[in-house]
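Asker: This is the structure alone, sequence omitted:
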């Protein structure tokens, strides 16, 4: 998928560049972009290091457990088709909380475990259940408290205020997640349910 | 008033969050600096993993921009996008964000480089990147891991969420920074 996309972008660019007579600019762009990649990566290491350090501290001080206590009732309410004592709810909680706190590396294994546990409740093994769709609705809309990677890239580009986008980003992701949950609920209440 | 509050909250958030976090960790008897450095070390590995993808994507997007193709799209769709207040420059961002995280990170980087991180375009692109996830990648990984190939409405929900995020990003940035 990404391979095809990359191939398409490069081919389109070079062919159009030749047709439009911009070949020299294309050549310059290849080397300019390669150099930019190094600048950005080096510029990002510092800020990413700070976030990953904080994330580790948050993990070892048990912040995840505190956040889970707060989110539990909400998650039970969003997933009515999962029995309230089922272990899948625990994995979903861990995944969503880790994502929310920006612990992306920690989040994925919890998420995959949640999918396996939800699959055990699935009567048709090749088709998504309601709970899976709801779970991925939240995951694909990217509910995150701090967009660490974006802040790092902005800092690497010499922004006056790399963090100024935190507020609007949080409002954006909250809106997207709310809409995703509403649309998911509409699909669910108008379709088959299992 | 709203925009002053959002900007101020963004400025205050990090120091306050940092302070509360390490105070709580200290209270829980965590060796704060030791653990912090352990996490910070991972940044080098992360940068090394990310570098080849960012390089590949930046080169592809650099070629596309220099060839004049992005300008062509901008000229074609610009007037339509203008009705919704969307700058044509962020269109590649909106198109690639749901498909590939590294591609949209590449577009973000090149937009920030071209127009500056503190320009309206830079802020909108930053918000788009941070405000949503790589829908197709998430669906493929999660459903793929349990062998599900009928996604039902999950794909539509993801795409509607992406569209919502893009328009919200544009309108909020105009409102707050405009």
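Answerer: Okay, I see it. Note that this is a predicted model, so its numbers are computed, not measured. Numbers count the residues shown, from 1 in each chain, chains lettered A, B, ... in the order given.
Asker: Spatially, what comes nearest to residue A:134 if we skip its sequence neighbours?
Answerer: Once flanking residues are discounted, residue A:134 sits nearest to residue A:184: 5.3 Å by Cβ to Cβ, 6 or more residues apart in numbering or on different chains. Any C-beta I mention is one placed from the backbone N, CA and C, and that applies to glycine too.
Asker: Which other helices and strands does the helix or strand where the one you found lies contact?
Answerer: For residue A:184, the element it lies in under DSSP states H and E is helix A:166-190. Contacts defined by 3 or more Cβ pairs under 8 Å, 6 or more residues apart in numbering or on different chains; DSSP states H and E place helix A:166-190 against helix A:130-140, helix B:2-27, helix B:120-131, helix B:154-177.
Asker: The longest one versus helix B:154-177: what angle between them?
Answerer: This points to helix B:2-27. On the basis of axes from the mean of the first three to the mean of the last three Cα atoms, to 10 degrees, helix B:2-27 is oriented at 110 degrees to helix B:154-177.
Asker: Kindly provide the distance from residue B:103 to chain A.
Answerer: Distance of residue B:103 to chain A, given as Cβ to the nearest Cβ, to the nearest Å: 6 Å.
Asker: Next, the contact list for the most centrally placed residue in chain A, please.
Answerer: Closest to where the C-alpha atoms of chain A average out (Cα atoms, centre = their mean) is residue A:142, at 4.2 Å. Residue A:142 makes contacts with A:99, A:173, A:176-177, B:130-133, B:165, as judged by Cβ atoms under 8 Å, 6 or more residues apart in numbering or on different chains.
Asker: Tell me which of those residues has the lowest pLDDT.
Answerer: Across the contacts of residue A:142, no position has a lower pLDDT than residue A:99, which has 88.
Asker: Return the residues in contact with the nearest residue to that residue once chain neighbours are set aside.
Answerer: Counting by Cβ to Cβ, 6+ apart, residue A:107 is the residue found nearest to residue A:99 once chain neighbours are left out, at 4.4 Å. Listed by Cβ under 8 Å, 6+ apart, the contact set of residue A:107 reads A:94-95, A:98-99.
Asker: count of neighbours near the residue nearest to residue A:134?
Answerer: Counted with other Cβ atoms under 10 Å in any protein chain shown, the neighbours of residue A:184 add up to 25.
Asker: my read: it touches residue A:133, true?
Answerer: Yes: the pair residue A:184 and residue A:133 passes the contact test of Cβ atoms under 8 Å, sitting 5.8 Å apart.
Asker: Now do the shared contacts for the two.
Answerer: Between them, residue A:184 and residue A:133 have B:153, B:157 as joint contacts when contacts are counted by Cβ under 8 Å, 6+ apart.
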